[in-house]
Structures are given as structure tokens and as C-alpha cells.
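Colleague: When you get a sec, could you give me coordinates for this:
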Amino acid sequence: MAHDEFNSGARHGFSMALYAVRSVDRQIEYPRLSSGDEDDKLLVYNTQKDLIYKIYAEIKKEMEEEVHENDY
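Modeller: Residues are numbered from 1 along each chain as shown. Predicted coordinates:
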């Protein structure tokens, strides 16, 4: 019983972490480009998106390692 409660709580925690990352991802807007600063704005945008992707992937990896669905 306690193991099932742990899995349920861990799954909920990981789900909320993924939700938070997706929420931040939606707030990152594609830059409005004007002459002269396109490269800088695109670099910042792409860096933010890459970092969000890496965080999301790491949370998913940890979730798979920590939450054992059929481990009784």
C-alpha cells in the first residue's frame, strides 16, 4: 500500500513539474525581428527553447526511473 501511495505521489509531482515546464515554454514568444538584431534575438529564443527541451527530457527520464508502475 505504501509503495502504491509513493508511486501515486511521485507521478503527481513529476506531472506537475512537466506542466510547469510546458507553461514556461508557452510563455516564450518567437521574437519580432527588425533589421540589425535578428541574430541576437534568434539566438536567445533558440537557447531558451533548447534549455526547456533539455529540462523536459530530464524530468521524463527521472520519472521513468523513479515511478515503477507494476512493481509490487
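
Colleague: buried residues in whatever helix or strand Tyr45 lives in?
Modeller: Here Tyr45, judged by DSSP states H and E, is contained in helix 38-66. Buried positions in helix 38-66, judged by neighbour count with 16 or more other CB atoms under 10 Å: Ile52, Ile55, Tyr56, Ile59, Met63. All C-beta atoms are positioned from the backbone trio N, CA, C, and that covers glycine.

Colleague: now do stretch 18-29
Modeller: In stretch 18-29, counting by 16+ other CB under 10 Å, buried: Val21.

Colleague: quick one: contacts of that stretch?
Modeller: Tyr45, Gln48, Lys49, Ile52, Ile55, Tyr56, Ile59, Lys60, Met63 (CB atoms under 8 Å, 6 or more residues apart in numbering).

Colleague: As a markdown table, those with pLDDT would be great.
Modeller: Formatted as a markdown table, the contacts of stretch 18-29 follow (pLDDT from 0 to 100):
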| residue | pLDDT |
| --- | --- |
| Tyr45 | 95 |
| Gln48 | 97 |
| Lys49 | 97 |
| Ile52 | 98 |
| Ile55 | 97 |
| Tyr56 | 97 |
| Ile59 | 96 |
| Lys60 | 95 |
| Met63 | 92 |
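
Colleague: any idea which of these is closest to Arg11?
Modeller: Met63 (7.4 Å; CB to CB).

Colleague: Might you list the low-confidence residue ranges for the protein?
Modeller: Low-confidence segments of the chain (pLDDT under 70): 1-3, 69-72.

Colleague: Nearest the middle, which residue of it would you pick?
Modeller: Among the residues of the chain, the one closest to the centroid is Tyr56, at 2.7 Å (CA atoms, centre = their mean).
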